[in-house]
Structure formats: structure tokens, C-alpha cells
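Peer 1: next input, structure requested:
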Amino acid sequence: MILYINTANNKKIVLALINKQGKFLIKRSIAAEYKQSEKLLVGIENILRSKKKKKDDIEGVVVTKGPGSFTAIRIGVTTANTLAFALGVPVVGIMDGETIEKGLLKLKKCNKFVSVIPEYGQEPNISKPKKR
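Peer 2: Below is the predicted model of the structure:
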């Protein structure tokens, strides 16, 4: 079973579980405006539980690596990398707008863990400190 994570949109999280044949077991969109860090792991647990699956059933992870909100992308990619590393499964990244199927094809070619690097799409917008 493959876990798909998309946090590129700062207003929602998209999660899916996909079987080896590429069929969606479940796909959920979770409202999470600026709350991806609070809702992502809970969302993963919920979709696993709803299909009576465990983390150990995950055989690979596909994550949207950008472009998108700096913090939201960082949360999704870090979670995907950490889960894949801990479970000993491969992880691949796709760009927002690419199909999940493209991620599944990349995953078939990948047989070991290599971390995904986020692609933010622009330089960070860092404001200057306020004068006191």
C-alpha cells in the first residue's frame, strides 16, 4: 500500500492510500488552514484506521514537494521522509499538479530510501525585524 501526502495548499491537506495496482483505497481532503502540523499525523492515522491498516502496511510514500507554502511544503516533505525512513520504505516527490500516477511510476523505479528535497518555487519572504 502507498501513502500519498500533499500539503502544497496552505488551506488543506490531501491524503490517500493506494493499493499496488494503483487503485485508490481512500482519498481525503482535510481542511487545515495554517494547521498542517497539527492535522497531518492525525489525518494519516485516521485514514489508516478507516481502512483497518497499520503503518507497517505502508510500502512506499509519494509526497508533493512543491511549489507551495514554505511551511506547508516543509511539513509534508519532512513527515514523508521521516515515515519512509522509519518504515524502511522508498519515498518519492512529485510537483503540485503532477498526477499521483506519475509518483507511483517513480516509486516502482525506486528500491531504497533517498530523501525528497522540497522545491518551494520562490525565495522565502523574510521580513525585517521591527524596530523597538
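Peer 1: now the helices for this protein?
Peer 2: Ranges of helices in the chain, per DSSP state H, are 36-50, 70-87, 100-109.
Peer 1: closest one to Lys130 among those helices?
Peer 2: Taking Cβ to Cβ, helix 70-87 is the member of the helices of the chain nearest to Lys130, at 20.4 Å. Using the backbone N, CA and C atoms, a C-beta is placed for each residue, glycine as well.
Peer 1: quick one: list the elements packing against the closest one.
Peer 2: strand 2-6, helix 36-50, strand 60-66, strand 91-95 (3 or more Cβ pairs under 8 Å, 6 or more residues apart in numbering; DSSP states H and E).
Peer 1: mind putting these in TSV, mean neighbour count, distance to Ala84 and mean pLDDT included?
Peer 2: Conversion of the helices and strands packed on helix 70-87 to TSV gives the following (neighbours: other Cβ atoms under 10 Å; distance: least, Cβ to Cβ, whole Å; pLDDT from 0 to 100):
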stretch	mean neighbour count	distance to Ala84	mean pLDDT
strand 2-6	24	9	97
helix 36-50	16	12	96
strand 60-66	26	5	96
strand 91-95	22	4	96
